[in-house]
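Participant: let me see the structure of the following:
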Amino acid sequence: MAYIYTVTHGHPYPPLYDCSNKTREEWYATGSVEWPLGIYFLLTGILLEMLYLPCLASMWKLKLLSTSCYKIMFFLGFLDMSSVFVNSIMTGYFAIRGAVFCTNPVTLLTLGAFGCGCWCASCLTCIFLALNRCADLSENRFLKLIFDGNRVYFLLFLSLLYLLFIMFFTTPASFNSNYVSWFFNPMTGQESLSYVNVYHAVNNVIVAITTTLLYFYLCIKLYCKTRSAASKVGRFQKQVFIQSFLICLINVVAAYIYVYMQYSAPPKWLVIVGQIAWQLSAGFVCIIYLTVNRTIRRGVIDLLVPEKYVKAFHARLAPTTRASDNHTPSGTHLTKG
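Facilitator: The predicted structure follows:
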């Protein structure tokens with residue numbers, strides 16, 4: 001059943017999502033109140049949202065969106081923050097409540113459909129990000145043309161359409177507190193094959209294979225350019241490559257685990273690992289920005305710390321910087337990240 005049925009009828013499709021054989025209290029009794037994991041997901045989700053927002057604001061304020069790469073990363077940020085709301089904050093809340101599908105059917109299907117849509121759209125956007133890195137490091141004129149100017153907005157529009165398609169026209173996921181995770185099977189006693197989401201499985205397999213191949217190619221390309229005396233790879237290129245690689249690597253791990261747990265009977269610990277991988281695939285990106293990208297890190301500090309304290313810090317740091325500069329070999333230049 002696609003989520004569009006719930007939107008048009010106001011309730012899930014009865015034959016597949018029948019909760020009439022128990023009261024709401026009885027359905028709660030079938031769940032499991034998970035305080036430790038619930039608090040973990042809830043608090044880390046709020047923290048990640050609080051860290052991510054200033055990173056995006058910094059990109060905007062510093063006018064980094066002039067490059068196609070940062071346009072993609074900025075759009076990916078909104079997808080990630082939306083995903084964190086589902087896979088962390090709402091996951092934590094419903095884990096503490098001990099919810100299962102039949103305790104909050106419409107709410108859980110809505111969140112599951114939205115979360116699945118954001119996940120699939122972020123996967124497609126990650127592929128665009130990898131292709132953008134290929135265009136930057138290669139001499140392929142066709143690739144460079146795709147990301148040139150405002151053409152990148154068309155690709156981001158495709159990601160948005162993909163999100164809406166997955167959300168409204170494929171089988172939605174639902175939360176189950178017994179596993180502290182999201183499953184397409186609401187576990188109401190029906191045959192599990194009735195809830196297969198083929199699009200999600202195909203998406204995960206394609207993104208895992210494609211991303212792996214693209215970054216394998218990029219690693220070889222970057223290595224060859226680094227070894228070549230005639231071709232120099234700038235610090236900016238290396239920095240953006242590392243960020244892009246780490247972002248998409250976590251997506252690949254989450255993609256593999258989530259497909260496996262939907263079509264098998266994995267142990268609870270592996271399901272939780274898969275849920276954390278989904279959380280990190282969306283939320284850990286801001287940590288990468290703050291640790292790897294010096295420009296964004298400085299921009300966030302400027303946004304959050306009053307200017308007078310920043311100036312006082314730099315004034316106190318200045319004598320140390322001048323002293324270290326005296327020992328810097330001539331011809332060595334410190335570049336801004």
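Participant: residue closest to the middle of this protein?
Facilitator: Central residue of the chain (C-alpha atoms, centre = their mean): residue 282, 2.4 Å from the mean position.
Participant: list the contacts of it.
Facilitator: Counting by C-beta atoms under 8 Å, 6 or more residues apart in numbering, residue 282 makes contact with 48, 79, 80, 81, 83, 84, 87, 118, 119, 122. Placement of C-beta: from N, CA and C, glycine included.
Participant: helix or strand right after the helix or strand hosting it?
Facilitator: Take DSSP states H and E as the rule and residue 282 turns out to sit in helix 268-292. Note on helix 268-292: by DSSP H and E, the next helix or strand toward the C-terminus is helix 294-304.
Participant: buried residues in stretch 154-168?
Facilitator: Neighbour-count burial for stretch 154-168 flags 155, 156, 159, 160, 162, 163, 166, 167, 168 (criterion: 16 or more other C-beta atoms under 10 Å).
Participant: quick one on the thing from earlier: may I ask which two of the contacts of residue 282 are separated the most?
Facilitator: 48 and 119 (15.4 Å; C-beta to C-beta).
Participant: out of these two, which sits in the more crowded spot?
Facilitator: residue 119 (30 against 24; other C-beta atoms under 10 Å).
Participant: next one, pLDDT for the more buried one please.
Facilitator: Looking at residue 119, its pLDDT reads 94.
Participant: element containing the residue nearest to it when sequence neighbours are not counted, please.
Facilitator: Closest residue to residue 119 apart from its sequence neighbours, by C-beta to C-beta, 6 or more residues apart in numbering: residue 83 at 6.0 Å. For residue 83, the host element (DSSP H and E) is helix 68-84.
Participant: which strands or helices does that helix pack on?
Facilitator: helix 35-61, helix 105-137, helix 151-169, helix 235-262, helix 268-292 (3 or more C-beta pairs under 8 Å, 6 or more residues apart in numbering; DSSP states H and E).
Participant: any idea how far residue 181 is from residue 268?
Facilitator: Computed as C-beta to C-beta, to the nearest Å, the residue 268 to residue 181 distance reads 9 Å.
Participant: now do residue 267
Facilitator: Residue 267 is 12 Å from residue 181, by C-beta to C-beta.
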